[in-house]
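>>> What follows is a predicted structure for the sequence shown.
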Amino acid sequence: MDSDDNASTLFLPDEAATLALGAALAQALVRESAQGLIIFLEGDLGAGKTTLVRGLLRALGYAGTVKSPTYTLVELYAVSGLNLYHFDFYRFDQAEEFLDAGLDEYFQGAGNCLVEWPEKAGVYLPPADLHLRLSVAADGRRAGLRYGSEKGRQCLTNWISCIVSIPGATPSSSPPPR
Ligand SMILES: Nc1ncnc2c1ncn2[C@@H]1O[C@H](COP(=O)(O)OP(=O)(O)OP(=O)(O)O)[C@@H](O)[C@H]1O
Ligand SMILES: [Mg+2]
């Protein structure tokens, strides 16, 4: 992992590494009994955002299907003492649809919000405590992690301390040479 003041990047060589990054986040959330965290999952179509949430939920012991919320807008989970709300706003044509759907209430409570395509909800979305940006790099993905609040800083510190065990993940802003 490469880190500066508030930006850590790592290379995820395959899907298993993305799942493991999600599992590491699960560990961090459990460790601090996280409540009300807002986590933006940023990156293009197919970047691996839903895969990361799948890894997170699996690690928490959720055995069911982890569906992409592309059509439902939100999927709700209560697992290992945590409330998790997984959103995907890709299909919004206008940011106002966020308010029309009454989704703002989810962001005011104790549940932890994981948001794909946050930019589609524009100004109506509260600021994120944590940002994860995924981008395609060679055959894998590059992950960039940063915090947006004090609560997020603490969680990121925890998350990073749980990442050491990701097989094949290398600290870099570029994929390793083949
Ligand atoms: N580190 C990785 N290396 C290679 N492939 C990966 C990696 N992580 C995830 N993938 C693959 O990327 C594909 C797309 O993943 P996913 O559906 O999670 O993307 P997404 O960011 O949620 O896309 P969308 O914006 O369409 O919802 C899946 O086939 C998954 O296996
Ligand atoms: Mg997705």
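Good, I have the coordinates. Ligands and ions are numbered 1, 2, ... in the order given.

>>> which stretches of the chain form helices?
For the chain, applying DSSP state H gives helices covering 15-31, 49-59, 97-100, 150-163.

>>> Comparing those, which stretch has the densest surroundings?
Counting by mean count of other CB atoms under 10 Å, helix 49-59 has the highest mean neighbour count of the helices of the chain, with a mean of 24. In this view, the C-beta of every residue, glycine as well, is placed from N, C-alpha and C.

>>> need the helices of the chain in TSV with distance to residue 88 and mean pLDDT, can you?
Converted to TSV, those look like this (distance: least, CB to CB, whole Å; pLDDT from 0 to 100):
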stretch	distance to residue 88	mean pLDDT
helix 15-31	16	97
helix 49-59	8	98
helix 97-100	12	97
helix 150-163	21	95
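
>>> To ligand 2, which of the ones you listed lies closest?
Closest of the helices of the chain to ligand 2 is helix 49-59, at 3.3 Å (criterion: CB to the ion).

>>> Helix or strand with the lowest mean pLDDT in the protein?
strand 2-4 (a mean of 73; mean pLDDT, DSSP states H and E).

>>> Given it, what are its sheet partners and their directions?
strand 7-12 (antiparallel) (DSSP bridges).

>>> for the helices of the chain, which one sits closest to residue 73?
Nearest to residue 73 among the helices of the chain is helix 97-100 (8.7 Å), distances taken as CB to CB.

>>> Since that was my last question, I'll sign off now.
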